[in-house]
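Colleague: Here's a sequence, model it:
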Amino acid sequence: MISLTDSQKIGMGLTGFGVFFLFFGMILFFDKALLAIGNILFVVGLSFVIGLERTFRFFFQKHKMKATIFFLGGVLVVLIGWPIVGVVLEFYGFFLLFRGFFPVVVGFIRRIPVLGYLLNLPFISGYVDNMSESNNMV
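Modeller: Below is the predicted model of the structure:
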């Protein structure tokens, strides 16, 4: 079992609430208030979990600047009041930021009984494998 400090536990809670508010805001036809709360909670929770210094180092690496601009620009656009455009920018930035983690996530999901079976179906397996290989090259 992984031991977490109190600030990391708080960060996990904040990140979880952030994801919940983002999901709920999209379900309710891109409610800008819920999306804004979700964005703020997600970013603050992430900084609590991994620490402020590591958060800044993660977001502001030279090869991740484009992704950071899209992600944080999307957060800003949602806060300004254009939720659909902001969420599209955030998703693109999120994909660029975390694409190195996708092969790990796919490998983990393949070990889950029902989801693993779905990912190993012939037409899905080829697509997922191609996505994982293209993400490893970058």
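Colleague: Can you name the next helix or strand after the helix or strand where Asn39 lies?
Modeller: Taking DSSP states H and E as the criterion, Asn39 maps to helix 32-50. Where DSSP H and E defines the elements, the next helix or strand beyond helix 32-50 is helix 52-59.
Colleague: What sits closest to Val49 if chain neighbours are left out?
Modeller: Gly11 (3.6 Å; Cβ to Cβ, 6 or more residues apart in numbering). Backbone N, C-alpha and C define where each C-beta goes, glycine included.
Colleague: Touching stretch 90-109 from outside, list them.
Modeller: Contact with stretch 90-109 is made by 39, 58-59, 64, 66-75, 78, 115-116, 119, 128, 131-132, 135-136, 138, as judged by Cβ atoms under 8 Å, 6 or more residues apart in numbering.
Colleague: Got a PyMOL select line for the buried ones in those?
Modeller: A single PyMOL command selects the buried members of the contacts of stretch 90-109 (16 or more other Cβ atoms under 10 Å):
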select buried, resi 39+59+64+67+68+70+71+72+73+74+75+78+119+128+132+135
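Colleague: All set now, cheers.
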